[in-house]
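J.: Predicted model follows, preceded by the sequence.
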Amino acid sequence: MPYRTLTIEQAAQLLQLPVQEIERLVKKQLIPFERRAGRIVFRKAELEDWASQRILSADADELAQLHPPRRGTAAARQPLLQDLLQPEWVEPALPARTRPSVIREMVAVATRTGWVHDPAELVESLEAREKLCSTAVPGGVAFLHPRVQQPWRFERAFIALGRTLHPIHFGAPDQEPTRLFFLLCCLDDASHLTLLARLCLLAQRTAMIETLLAAPDAAAMCEAVLSAEAEALG
């Protein structure tokens, strides 16, 4: 979906919501939109910013309803993470002590895959997203991602995961420091929002965070994430 502005129908496709729900959000002015020549349109970058922040601030019940793949089908309860996360893309001992350094180190972890086309551009995109609003959530975890998903940025979709040796104040709403950093590397907006909602749900509904903090190595951290997803899907 390369368009910079979207119609209501295109916004509904991006957010995986019914058109009627988009219309309701517009009527209540709960979603960013513009009126042009009598038509309602959405700026794509603003809409993804809004959607990502909505997910990051949602509670577990809201997350369970947000952005399931092909809503209403069996695919909504299928695992997403097994093909996206491998122990080789997990770093259990990041030495970073600051926000800029942890972003750089997480990009270095991501480049281990060989699928990051421009690491410097990725660092810039992550920094721009964090300046907009922190991707850290309560509990000591952050979900790093570029502000806008681009199909040329990565060879394929994947997740990198890091744990810092030292807690970092990363702007979480509870003002507590962060030690766990997921880096979501997606090729399109809809997949990104689905993945973000899934990971946030695991952070709230399972013991994933505690297990990750206690895990002895990268393999155990990877297994903790996959086990948490299996538990959440029941």
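T.: Sure, I can see it.
J.: what's around Lys131, how many residues?
T.: Look at Lys131: counted by other C-beta atoms under 10 Å, it has 10 neighbours. The C-beta positions use only the backbone N, C-alpha and C, and glycine is treated the same way.
J.: do Asp61 as well
T.: By other C-beta under 10 Å, the residues close to Asp61 number 11.
J.: Can you say which helix or strand has it in it?
T.: Under the criterion of DSSP states H and E, Asp61 resides in helix 60-65.
J.: I figured Leu226 hits Asp83, correct?
T.: No. Using C-beta atoms under 8 Å, Leu226 is not in contact with Asp83, being 10.5 Å away.
J.: and those two? which has more neighbours close in?
T.: The residue with more neighbours, out of Leu226 and Asp83, is Leu226; 16 against 11, by other C-beta under 10 Å.
J.: what residues are up against that one?
T.: By C-beta atoms under 8 Å, 6 or more residues apart in numbering, the contact list for Leu226 reads Pro79, Leu81, Gln82, Leu85.
J.: Please enumerate the strands of the chain.
T.: 5-6, 34-36, 39-43, 90-94, 136-137, 141-144, 158-168, 178-185 (DSSP state E).
J.: Okay, and the beta partners of Leu163?
T.: For residue 163 the amino acid is Arg, not Leu. With DSSP bridges as the criterion, Arg163 is bridged to Leu180.
J.: Now for Ala160: which residues touch it?
T.: Counting by C-beta under 8 Å, 6+ apart, Ala160 has contacts Trp89, Val90, Glu91, Met106, Val109, Ala110, Arg112, Thr113, Phe182, Leu183, Cys185.
J.: Break this structure down into its structural domains.
T.: If you go by automatic domain parsing, the domain ranges for the chain are 5-56, 76-233.
J.: Give me the most central residue, the chain.
T.: Of all residues in the chain, the one closest to the mean position by C-alpha atoms, centre = their mean is Leu196, 3.4 Å from it.
J.: Could you name the helices and strands sitting against the worst-scoring helix or strand of the chain on mean pLDDT?
T.: The helix or strand with the lowest mean pLDDT-type score in the chain, counting by mean pLDDT, DSSP states H and E, is helix 60-65 (a mean of 79). If you count contacts as 3 or more C-beta pairs under 8 Å, 6 or more residues apart in numbering; DSSP states H and E, helix 60-65 packs onto helix 189-205.
J.: show me where pLDDT drops low in this structure?
T.: Scanning the chain for pLDDT under 70 picks out 1-3, 66-77.
J.: give the contact list for Leu212.
T.: Val141, Leu161, Arg163, Leu180, Met221, Ala224, Val225.
J.: Recalculate using a threshold of 10 Å.
T.: Neighbouring residues of Leu212 by C-beta atoms under 10 Å, 6 or more residues apart in numbering: 90, 92, 140-141, 161, 163, 179-180, 182, 203, 220-222, 224-225, 228.
J.: Equivalent analysis for Val148, please.
T.: Val148 neighbours (C-beta under 10 Å, 6+ apart): Arg4, Lys44, Ala45, Glu48, Asp49, Ser125, Ala128, Arg129, Asp189, His192.
J.: Any quick ChimeraX command for the buried ones out of those residues?
T.: This is how ChimeraX selects the buried members of those, with burial counted by 16 or more other C-beta atoms under 10 Å:
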select :44,48,49,125,129,189,192
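J.: Return the member of the contacts of Val148 nearest to Ala60.
T.: Ala60 has its nearest neighbour among those in His192, at 20.0 Å by C-beta to C-beta.
J.: Nearest spatial neighbour of that closest one, chain-adjacent residues omitted?
T.: Cys186 (3.9 Å; C-beta to C-beta, 6 or more residues apart in numbering).
J.: how about the helices in this structure?
T.: Applying DSSP state H to the chain gives helices spanning 8-15, 19-27, 44-56, 60-65, 99-111, 119-132, 189-205, 208-214, 218-233.
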